[in-house]
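Trainee: Below are the sequence and a predicted model for it; my questions follow.
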Amino acid sequence: MTLIESAVRNKLIDMGIKIIFRTRVIDAYVEDKTIKYIKLDNDTNIMADSFVETTGTTGPMGNCLKYGNGCSMCVLRCPSFGGRVSITKKCGIEDIIGKRKNGTYGAFSGSIKLNKESLSDEIREELNKNGVCIVPLPKEEINEEKLDIKVCQQYALEAFAKNLVLLDTGHAKLMAPFYPLEKLRRIKGFENVKFEDPYSAGIGNSIRYLSIAPRNNNLKVIGLNNLFVAGEKCGLYVGHTEAICTGYLAGHNSVRNMIGIPLLQLPANTVIGDIVSYANEIMYKEGGDKLRFTFAGSIFFERMKERNLYTTDPDVLYERINKVGLLNIYDERLI
């Protein structure tokens, strides 16, 4: 996990992609429903034929204060780099806001990372051996209300309220939105525990789902001719896999849009096509803004099994994609 960022960065550079660091978009100039250029916080204007917004739905700090417990110094580091700005909103498009079960806007990120070296030898060995460690909580520490405020509905189970569930992700990932440090250190094995991310995980976590764009199932923003969205910006999605899948589609369609050929919409008999269309449909129904969609569990995983879309057999997957004529669709260079 500590090496992946530099590996991804080097791969992008090797592909000839220009990366601009320490900049963020603060405005957009639109003419005839087309973005002509975006403005960066250093007063530079970037012109392009197509744009893809992946700014996410978390922050800026004011939202985490209003709908959460304040800035927790999450991975976005708003105090260092500035808060997120919604490009769609700057273009005059009204963003959609997700809700919790009680109707409050947004949701807490569902996990925090602990420094693995700060845990007891027993817990660390269990993580290294099995990738997971489950520590029962004392009765007075069980709080099932926390399950309703977190993003990850696939983990909103009683077992996650009655136990500390740790996953080995390089650090030790604790499946809870936050945990007061002084309480955590009273539990056996956590006496010397230290937070890795967010830094203030004892008081809160980032607040997500505050800025979702209305879009078609080809991930083009409704009301604009050349803006596409991916990741949480395009729906009430949970997880990096969902971000990768929508990122591929949005990027692919941004090129199709630029050269004037029909946009790709993945069919609903593929898992990615189904989650893109299903989440887009349900989000607008009553109570749909309180749901979350992921391949990893909860309502969409149940839907995958019901529609016979879930399989781990690569031969079945190959035939399914081949049958709809989409085999290696992203490998073809369009320009």
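Mentor: Ah, there it is.
Trainee: measure the residue nearest to Arg307 when sequence neighbours are not counted to Tyr179 for me?
Mentor: Excluding its sequence neighbours, the residue lying closest to Arg307 (C-beta to C-beta, 6 or more residues apart in numbering) is Asp274, at 7.0 Å. Placement of C-beta: from N, CA and C, glycine included. Noted for Asp274: a distance of 35 Å to Tyr179, by C-beta to C-beta, to the nearest Å.
Trainee: For stretch 279-289, give the mean pLDDT please.
Mentor: Stretch 279-289 shows a mean pLDDT of 95.
Trainee: How far does it stretch from one end to the other?
Mentor: 10 Å (C-alpha to C-alpha, to the nearest Å).
Trainee: Give the buried residues for that stretch.
Mentor: Of the residues in stretch 279-289, 279-280, 282-283, 288-289 count as buried by neighbour count, 16 or more other C-beta atoms under 10 Å.
Trainee: returning to that earlier point: Asp274 and Tyr179: which has the busier surroundings?
Mentor: Using other C-beta atoms under 10 Å as the criterion, Asp274 and Tyr179 rank with Tyr179 on top: 24 against 18.
Trainee: Quick one: residues contacting the more buried one.
Mentor: Tyr179 is in contact with 112, 201-202, counting by C-beta atoms under 8 Å, 6 or more residues apart in numbering.
Trainee: now the helices for the chain?
Mentor: Here the chain has its helices, by DSSP state H, at 4-14, 61-67, 78-81, 87-90, 121-130, 158-162, 181-184, 240-259, 271-282, 298-306, 314-323.
Trainee: Report the two of the buried residues of stretch 279-289 separated the most.
Mentor: Within these, two members stand farthest from each other by C-beta to C-beta: Asn280 and Asp289, at 12.4 Å.
Trainee: Would you confirm that Gly170 contacts Met1?
Mentor: Yes: counting by C-beta atoms under 8 Å, Met1 is a contact partner of Gly170 at 2.9 Å.
Trainee: quick revisit: closest to Asn218 out of the buried residues of stretch 279-289?
Mentor: Distances from Asn218 to the buried residues of stretch 279-289, taken as C-beta to C-beta, are shortest for Asn280 (10.6 Å).
Trainee: That closest one reaches Arg215, doesn't it?
Mentor: Yes: the pair Asn280 / Arg215 is scored as a contact, 7.1 Å apart, by C-beta under 8 Å.
Trainee: Next, count neighbours for Ala159.
Mentor: 10.
Trainee: For it, give its distance to Met175.
Mentor: Taking C-beta to C-beta, one finds Ala159 at 10 Å from Met175.
Trainee: can you list residues touching both of those two?
Mentor: Contacts common to Ala159 and Met175, judged by C-beta under 8 Å, 6+ apart, are Val165.
Trainee: Which secondary structure element of the chain has the lowest mean pLDDT?
Mentor: Ranked by mean pLDDT, DSSP states H and E, the weakest helix or strand in the chain is helix 158-162, scoring a mean of 78.
Trainee: That helix packs against which elements?
Mentor: Here helix 158-162 touches no other helix or strand, going by 3 or more C-beta pairs under 8 Å, 6 or more residues apart in numbering; DSSP states H and E.
Trainee: Could you rerun that using 10 Å?
Mentor: strand 132-136 (3 or more C-beta pairs under 10 Å, 6 or more residues apart in numbering; DSSP states H and E).
Trainee: what's next to the strand it packs on, contact-wise?
Mentor: Contact partners of strand 132-136, identified using C-beta atoms under 10 Å, 6 or more residues apart in numbering, comprise 119-120, 122-127, 142, 159-160, 162-168, 172-175, 187-190.
Trainee: ok so, going back, ok, of the contacts of Tyr179, which come out buried?
Mentor: Among these, those classed as buried by 16+ other C-beta under 10 Å are 112, 201-202.
Trainee: so who does Gln265 touch?
Mentor: Counting by C-beta under 10 Å, 6+ apart, Gln265 has contacts 216-220, 249, 253, 273, 276-277.
Trainee: Kindly report the same for Gly70.
Mentor: Gly70 touches 61, 64, 200, 203-204, 207, counting by C-beta under 10 Å, 6+ apart.
Trainee: so where's the stretch 101-250 of the chain uncertain?
Mentor: Of all residues in the stretch 101-250 of the chain, those with pLDDT under 70 make up the ranges 143-157.
Trainee: the strands in it, which residues?
Mentor: All strands of the stretch 101-250 of the chain, identified by DSSP state E, counting those that start in this stretch, fall at 107-108, 112-114, 132-136, 163-169, 171-174, 195-197, 207-208, 227-229.
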